[in-house]
Structures are given as structure tokens and as C-alpha cells.
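Colleague: Need the 3D shape of this:
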Amino acid sequence: MKLKAIWQAVASKPALALVLLALLAPRGAGAGCPYDLPQCVAGTVETQVCGYCGTMTRTCDQWEDWGPWSLCKGQGSCEPGAIQATPCGTCGKTVAICGPTCQWTNSRDCLEGDECVPGTTELVPCGNCGTMSRTCDFGCSWVSERGCEGQGDCQPYASGVIPCGMCGTKSVVCDAACHWIDETQCAGEGQCFAGQHKPCGTCGTATCLDDCRWSKCAGDGRACDDQNCCTEGDLCSFGGVCTGTLKTCQGDLACDPTSCSCEGCSTLSEGGFCEGSAVVRCEGNIMLRQDCLLAGQTCVLEAGRPRCQCVPNCDGLLCGGDGCGGSCGVCAEDEQCLDGRCVAPQPDVLEGADGQGDSGGWAPDPVDSKPKGEGCSVGGSAPASLWMLLGLAGLWVLARRAGRRLHATEK
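Modeller: Numbering: from 1, shown residues only. Below is the predicted model:
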């Protein structure tokens, strides 16, 4: 009867049926288990450490299930064992250590920088016995101004074999001052230093090769001197031989190396030629030279033969001789020739023995037809010395008269 009444009540109220089903359903039915074991005792509170020394809790509900964890509470400021440095002083630091309670424990003193004091400069060793200058910056760190300077050749107490001399080698050891010290003499050297040059042959050049041996002698086409004054255009040929071209002499003469001039008679047996004002001819394979200029003449060719000939010279002359027995002109009857010019005669008064003056004139012959050195005539054949004496006497008379006039004027 009771089951029927319950059934009718459930059938008339579906919501009530659902509640009954939920209450009567076994625990864990959704997981396929006939019954779900309890997780906790209702009302129990569980605590767990979290974060930096904090805690969080959860509570067992009435269904014997754990509720959600609460927020982490009561945390500290750091993780135990952590270290924190805080700047202080110039370049110092204050060190703090996180304790077991997750709280910082600060050091009491400011720890200055362990590198340097800003502005400090010092020299420190570097490299192979060198030194390096460095300066402390504002961050208390060393900064190098220049690289390593004044280094030696090697690292102290190192040893080895180094090149020496002309492609040779020697054993060396490095001393404490970073310099090599010879243990053996230089051995296996060549003939020369690589790149070196030296003359060879007559005018050639040899070059020292990379293995310190001389190259073959070779000319380079440059100018040279074959020590032969009868050649010209001397050049270095291949092999370093200096060669030149024989000079060309005038006429049929050949250059004589002993005198460095064209004085050797070759095919010139007669005749000759003019060399400026000189007559050049060969007689018996001996060259003869006559300078016509010494006699006031010049060399001319007549019928292929040279000879000295006087050359008339009337440059700037209107009268008188031409130097070769000819005349440069004749003056008028009332003129006289003086220094190649026709001038009027000047009267000269001569004082005789009786004190009376005798006026007259004189002039040289307007036509000098006589060779030099034979004298001249003035209206006759008197010697030149007589006329010179007469001229001096006339000058004396003129000077005496001028003195008298000056004396009379002063009175």
C-alpha cells in the first residue's frame, strides 16, 4: 500500500521523482563505480606552503569532497638563498641575502668596487715584456687607452729557429727581457740579400733572387760609356755589353781614338778641306792643319783645294785700305782720310827758328796702297819719323801759346 502511494505521488510530480533518483543513486555511478569512497572528513581544513613562505588552505565539504585551494597568503619578499646587490657609495654595493623566512637580510657596510677608483691611471704588463696604459672610468672599470706597447721579440724562455743573414737560419732562445739570444751561428746563407742589385759585365745589372742567388747579367737598354771617344749613342745591349756607333768625320778623315778627334788620314791623300778658318790636308798619311785666322785670313776652296785667302774688310769705312791691298774709297781733293772717314784738312801753324810762324797743312795719303809696315808719304817720300817729330813740335808750340794767353788774361 505504501509503495503504491509513493509511486502515485512521484508520478504526479516529476520534479520530486528527480530528487529521489538523485538521492537514491549510488556514489560514483558516473565513474562506473557502485560507490565513491570519501576523500576527507567533512569540516577538515588542510594547509599547504606556497610562494615565498606563504600558505593556502582548503576545506572538506559535507559530501566529504575537498573544496578549492584558497589564495596564497602571508608571503615574504624573496626566495630563500637569493642574493641581491644594491649600488652604494662611488662604485660600491650593499649585498642582501634572503633568509629562511623569505625576508632580505642587508649587509651593514657598503662594499666598494673591487676593480679601481675612477680617474686612476696605471701601467700594467702585457704581451712580450710590454706595457699597457689603462684608466679607471666612472663605472669603476679599467679601460685601455692604447694597445700593448714596447713589446720584445719573443715570449721569455721560448726557443726556435729564425731566419738570418742571406736566407740562412740559426737556433735562438728568448731571454727574460723578451729578446732572442743566438745559440748557433747563422748557417746556410746564400750569395746576396733578396732584391739587391749589382753591376755586371760592361754595363749590365744582376738582381738578387728570393733564394739569395744572383740572376744572370742583363742589360736594360740604358745609356752607357764604352770608353771609346770615337763612338756615340752608347747603349747597354742584352748581356750587359755597351756598344755605340762610330762618329762620322768630315771629308775622308777617320776618328783617332788616341786624340778623340777626326785627325786620322784614311783615304785622303791629296787636296783637303776647310775646317772653319783652318786648312786641313794630308801629306804622307800625316794630317796638316793651318789656321788662316792667325794671318787675318780665312780658308777658301779653289778647284777642290783649300788655301788661305785674305778677305777684304771695309765694314764702316769710306776710305783707306781694305786690309788686303785694296781700297775702301777715295776722298775729294780738298779732304783727307782719317780713320776711314773723309774730313776737311785742319791747318797747323809751325813756329820756325826766326820766331815767325809758317802755316801749312798736312794729311795722310787718301789712298793707302802700300802694305802695312812700309810707312806713308805726305807730298813726298819723307820718313814717318820726321813727320812725327814735326807733329810733336807743333803741339808744343800750341801749348806754349795757350799758356801765354792764359797768363795775359790773369794780369
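
Colleague: ok now do the closest residue to S141 other than its chain neighbours, which residues does it touch?
Modeller: Excluding the flanking residues, the one nearest S141 by C-beta to C-beta, 6 or more residues apart in numbering is E115, at 5.6 Å. Where C-beta positions appear, they are placed from N, C-alpha and C, glycine not excepted. E115 makes contact with 91, 136, 140-142 under the criterion C-beta atoms under 8 Å, 6 or more residues apart in numbering.

Colleague: do that again at 7 Å, thanks
Modeller: 140-142 (C-beta atoms under 7 Å, 6 or more residues apart in numbering).

Colleague: So which of those is the closest to G204?
Modeller: W142 (62.0 Å; C-beta to C-beta).

Colleague: Next up, the contacts around the closest one.
Modeller: 115-116, 134, 136.

Colleague: of all those, which comes closest to C324?
Modeller: R134 (103.1 Å).

Colleague: wouldn't that closest one be in contact with V143 here?
Modeller: Yes. If you go by C-beta atoms under 7 Å, R134 and V143 touch, sitting 6.3 Å apart.

Colleague: Looking at those two, which one has more neighbours?
Modeller: Shown here are R134 and V143; by other C-beta atoms under 10 Å, R134 has more neighbours (18 against 10).

Colleague: Tell me who's in contact with that one.
Modeller: Taking C-beta under 7 Å, 6+ apart, one finds 122, 124, 142-145 in contact with R134.

Colleague: ok, 10 Å please
Modeller: Residues near R134 by C-beta atoms under 10 Å, 6 or more residues apart in numbering: 116, 120-124, 126, 141-146.

Colleague: Distance from the chain centre to the host helix or strand of it, please.
Modeller: Under the criterion DSSP states H and E, the helix or strand holding R134 is strand 130-136. Offset of strand 130-136 from its chain centre (C-alpha atoms, centre = their mean, to the nearest Å): 35 Å.

Colleague: how about that strand: buried residues?
Modeller: Residues of strand 130-136 classed as buried: 130, 132, 134, 136 (neighbour count, 16 or more other C-beta atoms under 10 Å).

Colleague: can the residues you listed go into TSV with extra columns for distance to G150?
Modeller: As requested, the buried residues of strand 130-136 are exported to TSV (distance: C-beta to C-beta, whole Å):
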residue	distance to G150
G130	5
M132	9
R134	15
C136	22
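
Colleague: sorry, back to before: look up how far G127 lies from the residue nearest to S141.
Modeller: 21 Å (C-beta to C-beta, to the nearest Å).

Colleague: E46 now?
Modeller: Counting by C-beta to C-beta, the gap from E46 to G127 is 69 Å.
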